[in-house]
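Enquirer: Predicted structure and sequence below. I'll ask about it afterward.
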Amino acid sequence: REKVEMTKEQRALMKAIVDAYNRHQIPQDVAKKLLQEQYSAEENFLLLTEMATSQVQVLVEFTKNIPGFLSLDREDQIALLKGSTVEAMFLRSAQVFSRKMPNGHTVVLEERIRKSGIPDEFMTPMFNFYKSIGELHMVQEEQAILTAITILMPDRPYVKDHQAVERLQETMLNVLRKLCVLQHPQEQQYFARLLGRLTELRTLSHYHAEMLTSWKMNDHKFTPLLCEIWDVQ
Ligand SMILES: COc1ccc(-c2nc3ccccc3n2[C@H](C(=O)Nc2c(C)cccc2C)C2CCCCC2)c(OC)c1
């Protein structure tokens, strides 16, 4: 098989994305909090809204470092952010859930999430997704570029200049394809499997509004920002 090599530009692009991804980590580590104690449904809901709100801010900063993103039409930048926030949130959660943790911690974390207040019918699709991401053992470069690819989805609602977004996403996909071959030489279809997770991610994200409004507690309070990105209230 031909030797796969990244060009200088591709290596520079990947470095920019990974640095931005690592720089804009979520402030407090929610997994640590959840491992400490089981919170009530109300406390968990509050924690979720805090995490989601900081995630939006992190995502805005991250996209500023995606080469070419700031040259897109301003309204298209907003449409891409609005359209990808929920998916990026679940992708980040899957990565947090699949992080290598001391023995038994993942079991405790899963238990805490199962009892967090989320309606039971969403547990299976959510944990199936988390486990399918975990099985891929993504390196952090792959996680960062996959997040950028999720944001640069041309078919988000209200995107006007479809082509411009497609061109940026294509550049990322080319880097990811080479990265997968270099990082997982034994797995021919690793790249295809990775992209397949984006389909699972989109399906899971369709449930998010209902997951929130049917959270096992009464009087669900949302901030204006969360109403905007979560399509609730
Ligand atoms: C819409 O319904 C849910 C239900 C559960 C999760 C969820 N899966 C997790 C897997 C591992 C660790 C934490 C996990 N979370 C929540 C969390 O904070 N997600 C998170 C966010 C929101 C931003 C940035 C980063 C993360 C991790 C915990 C919030 C407090 C109650 C328990 C779930 C969720 O995340 C998108 C959405």
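Expert: Noted; the coordinates are in hand.

Enquirer: Reduced to three states, what does residue 211 come out as?
Expert: Three-state assignment for residue 211 (DSSP: H, G, I helix; E, B strand; the rest coil): helix.

Enquirer: One more: the one 4 residues further on?
Expert: For residue 215, the secondary structure call by three-state DSSP comes out as coil.

Enquirer: could you pull out the helices for this structure?
Expert: With DSSP state H as the criterion, the chain has helices at 8-23, 30-36, 41-64, 74-97, 105-114, 123-134, 140-151, 162-183, 190-206, 208-213, 224-230.

Enquirer: Point out the most buried one among the ones you listed.
Expert: For these, the largest average neighbour count (mean count of other C-beta atoms under 10 Å) is found in helix 140-151, namely a mean of 22. (C-beta placed from N, C-alpha, C; glycine too.)

Enquirer: Mean confidence (pLDDT) on it, please.
Expert: Over the span of helix 140-151, the pLDDT mean works out to 96.

Enquirer: anything in that helix sitting right up against the ligand?
Expert: No. Counting by C-beta under 6 Å from any ligand atom, the ligand is not contacted by helix 140-151; separation bottoms out at 11.5 Å.

Enquirer: which residues touch that helix?
Expert: 14, 17-18, 20-22, 59, 62-63, 66, 69, 80-81, 84, 87-88, 91-92, 95, 136, 138, 169, 172-173, 175-176, 179-180, 183, 194, 197-198, 201 (C-beta atoms under 8 Å, 6 or more residues apart in numbering).
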